[in-house]
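Undergrad: Quick one, fold the following:
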Amino acid sequence: MVASGVPHENGGRHIFEVAEISLEIREISYTYVLEHKKDYKLRIRIGFHAGPIAAGVIGIRSPRYCLFGDTVNFASRMQSNCPPNQIQTSEITARLLLSTHEYKLVKRGIVHVKGKGEVNCYWLNEHIHEHLQKDAVTADQQPSCSTAEFLDPLGAQVIEK
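TA: Here you go, the predicted structure:
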């Protein structure tokens, strides 16, 4: 689990820091080689959600800093409902990322999320500025999404893929 903006708030940058580390982890996973299984392809699932949390140190013998709340549970559900090699976000999180005009997201659509019901989800695909510097991800590394829709940075139009 990764969290940003705790225990000290970071001026609203938490969502962008988590997006960046998610993209970096996924990118590294494409070329990561296990020493004992050279031909094994690592596939990861990443999910995140932005929202309020409660935090505190729990325990006396072995104290741990823990995060609690609906945001933590929702982020966990985003990860567990995500296909391999994708980064899934909630609609609220997607809107925050789109507000900067720096991220490309694909609308996944409605997904049943345990404890939440039907939720509109999005895949975070790339940081737009990174796209100019890096090669595109090959088709076999990302799941096909024939029914997905692309959002423009303003969220005003939906463009069919």
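Undergrad: Go ahead and report the secondary structure state at the most far-flung residue of the chain relative to its centre.
TA: In terms of distance from the mean C-alpha position of the chain, Arg61 ranks first, at 33.9 Å (CA atoms, centre = their mean). Using DSSP: H, G, I helix; E, B strand; the rest coil, the structure places Arg61 in coil.
Undergrad: quick one: it from Ala55, how far?
TA: To Ala55, Arg61 is 20 Å away according to CB to CB, to the nearest Å. In this view, the C-beta of every residue, glycine as well, is placed from N, C-alpha and C.
Undergrad: Need the pLDDT of the residue farthest from the centre of the chain.
TA: You'll see Arg61 listed with a pLDDT of 95.
Undergrad: Same question for the one 4 residues further on.
TA: Per-residue confidence for Tyr65 comes out at a pLDDT of 88.
Undergrad: Likewise for Phe150?
TA: Predicted confidence (pLDDT) for Phe150: 42.
Undergrad: do the one 4 residues further on as well
TA: Leu154 is assigned 38 on the pLDDT scale.
Undergrad: Over to His127?
TA: With respect to pLDDT, His127 has a value of 88.
Undergrad: and it, what does it touch?
TA: Each residue near His127 by CB atoms under 8 Å, 6 or more residues apart in numbering is listed here: Ala19, Glu20, Leu23, Glu102, Tyr103, Lys104.
Undergrad: what bridges to it?
TA: Tyr103 (DSSP bridges).
Undergrad: Can you list the low-confidence ranges for the protein?
TA: Across the chain, the ranges flagged by pLDDT under 70 are 129-161.
Undergrad: Give me the longest helix you can find in it.
TA: helix 14-31 (DSSP state H).
Undergrad: Parallel or antiparallel, which strands does whatever helix or strand comes next after it pair with?
TA: Next along the chain after helix 14-31, taking DSSP states H and E as the criterion, comes strand 45-48. If you go by DSSP bridges, strand 45-48 pairs up with strand 86-90 (parallel).
Undergrad: so how many other residues sit close to Glu102?
TA: By other CB atoms under 10 Å, the residues close to Glu102 number 15.
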